[in-house]
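everything below, folded, please.
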Amino acid sequence: MAKAKRRGAGKPLAIAIGALVLLFAALPTATLLAIGMAPTLAAFISDMTPGRYLAKCVAGMNFAGLSPFLYKLWFTSHDLTTAIAMVSDVFGLFVIYSAAGLGWLLYLGLPGAVAMFRSLNARRRIHALREKQRDLIDEWGECILPAGEKKNEGAPDPALQEKMAEGGANAPVPASP
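Here you go, the predicted structure:
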């Protein structure tokens, strides 16, 4: 039990040491990452949900927007002057922060789109199963229906009978066969 607590206690220290090594070994990269990934930090601070999905969406898109600039920095001249020139370029910051904004939009819009897609898919599946059920009833007859679902050709729908029993001026009148 005490060993588990000690292992967890060293994690922030390891992160701090890694950040210091990155800062001194790759100062231009660290500068570009620190300024470019600011929206990710803001999303991580503001996201209090259990899975931190907002921070994950923003981080992924933010890094995608930052990656061409990192590539250019790494493969042209890896010096602080180039990194500061990239960070001070308005177009570059627009691309990086716009990508992070798309991460916010994905987080906000995707759950609704997925819910709509799943609802439409469920309706389509219900319709297909009802068609298949009608085909089976036509082929085999009503003997394949469960006992509680036997069709009564002459009787109106039970839900319709219930509405009629309640009465009222808005009660529907059953159509005669």
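
after the host helix or strand of Phe44, next one along is what?
Element membership for Phe44, per DSSP states H and E: helix 38-46. Downstream of helix 38-46, the first helix or strand assigned by DSSP H and E is helix 53-75.

just how off-centre is stretch 86-94 within its chain?
Offset of stretch 86-94 from its chain centre (Cα atoms, centre = their mean, to the nearest Å): 29 Å.

got the end-to-end distance for that stretch?
With Cα to Cα, to the nearest Å as the measure, the first residue of stretch 86-94 is 11 Å from its last.

thinking again about what came up before, the helix holding Phe44 vs helix 53-75, what angle?
For helix 38-46 against helix 53-75, the angle by axes from the mean of the first three to the mean of the last three Cα atoms, to 10 degrees is 150 degrees.

could I get the buried residue list for helix 38-46?
Under the neighbour-count criterion of 16 or more other Cβ atoms under 10 Å, helix 38-46 has Pro39, Thr40, Ala43 buried. No exception for glycine: its C-beta is placed from N, CA and C like everyone else's.

which helices and strands does it pack with?
Judged by 3 or more Cβ pairs under 8 Å, 6 or more residues apart in numbering; DSSP states H and E, helix 38-46 is in contact with helix 53-75, helix 90-140.

avg pLDDT for that helix?
For helix 38-46, mean pLDDT is 93.

so how far is it off the chain centroid?
Worked out by Cα atoms, centre = their mean, helix 38-46 lies 18 Å from the chain centre.

can you check stretch 17-26 too?
For stretch 17-26, the distance to the chain centre is 33 Å (Cα atoms, centre = their mean).
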